[in-house]
Every structure is written in structure tokens, then in C-alpha cells.
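J.: Got a predicted structure here, sequence first:
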Amino acid sequence: MINDYFIQFEQTIADFSIIQKQKIEKQRKDFEFGIIKGKLFFENGSMEFIEVVRFVSRKFVKIKYKYHFMDNNNMMIFRYDNVKHHPHIKTFPHHKHVAEQILPSKEPDIFTVLKEIQKIIKTK
């Protein structure tokens, strides 16, 4: 099961020509639980990510995630995560960091995050 998730994740990444280089590490803990993490490199920045995923009730559930997009000077452009440190946010624990702001956010997937990065890169 978790191998199916890893394959789907990597296929999604392969669909984005903005990615120039990638370093991905997959850890299969058991048939239904795993971690995928790494770094994607773009012409104008990079993104570090981690997803801790479990297959529950016939669907994949992200227990933990982080997508941290930075420019070439390692200055954060945005970060999505579900760390439980902003309980005042309406979408707690899901939120997005942009500059000094903490914004409500739905749980994103890798496709949505890469689409957002693609849009930012194309406007530069």
C-alpha cells in the first residue's frame, strides 16, 4: 500500500518540468506506513518536504507534513505544515507561513504546492 503512495508522489513530481534536480528518501515502516522526504530544486529556489503517511480506512492519511519553499538565498517564501503550534488558526493544525504571517490553510498535497511554486516562478 505505502509503495503505491510513493509511486504516485514521484509521478506527480515527474509531471513538473520546473524541477531541475531532486533528492528523495523513502522509508517504508510497514505495509501501510511510511515517510517520504527530500528536497526539490528549481531555477529560482528549492523546497524541502516531508510527509508521514498511513493507510487508514482505504485512504492515505498524512499524519505530519511540511512543504518549505525557499529562494536561492534560503529565504522562506512560504511553508505549509501541520505542527500543532498555532491553535488560534481557524484551520488548526493546518496553516501556512508567508513572511511573518501565519495563515489558515487546508491540508495541501504535493500537486497543489508545486502548482503554487510554478506560478511564483513564472511571474519572476
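T.: Sure thing, it's come through.
J.: List the buried residues of stretch 19-32.
T.: Buried residues in stretch 19-32, defined by neighbour count with 16 or more other Cβ atoms under 10 Å: 19, 26. C-beta coordinates here come from the backbone N, C-alpha and C atoms, glycine included.
J.: In PDB, could you pull the C-alpha coordinates for that stretch?
T.: Taking Å, rounded to 0.1, in the frame of the first residue of the first chain, the C-alpha atoms of stretch 19-32 are listed here in PDB:
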ATOM      1  CA  ILE A  19      12.100  20.700 -11.100                       C
ATOM      2  CA  GLN A  20      15.700  20.600 -12.100                       C
ATOM      3  CA  LYS A  21      17.000  18.200  -9.500                       C
ATOM      4  CA  GLN A  22      15.600  16.100  -6.700                       C
ATOM      5  CA  LYS A  23      16.800  14.200  -3.700                       C
ATOM      6  CA  ILE A  24      14.100  11.900  -2.300                       C
ATOM      7  CA  GLU A  25      14.300   9.400   0.600                       C
ATOM      8  CA  LYS A  26      11.500   6.900   1.200                       C
ATOM      9  CA  GLN A  27      11.200   4.900   4.400                       C
ATOM     10  CA  ARG A  28       8.700   2.100   4.400                       C
ATOM     11  CA  LYS A  29       8.000   1.300   8.100                       C
ATOM     12  CA  ASP A  30       5.400  -1.400   7.300                       C
ATOM     13  CA  PHE A  31       2.900  -2.200   4.500                       C
ATOM     14  CA  GLU A  32       0.600   0.700   5.500                       C
END
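J.: residues in contact with the residue nearest to residue 105 when sequence neighbours are not counted?
T.: What sits nearest to residue 105 in space, not counting adjacent residues and going by Cβ to Cβ, 6 or more residues apart in numbering, is residue 96, at 4.0 Å. Applying Cβ atoms under 8 Å, 6 or more residues apart in numbering, we find residue 96 in contact with 78-80, 102-105.
J.: Which ones among those lie within strands?
T.: Among these, the ones falling in strands (DSSP state E) are 78-80, 102-104.
J.: If you rank those by neighbours, which is first?
T.: Neighbour tally across these (other Cβ atoms under 10 Å): the maximum, 24 neighbours, falls on residue 80.
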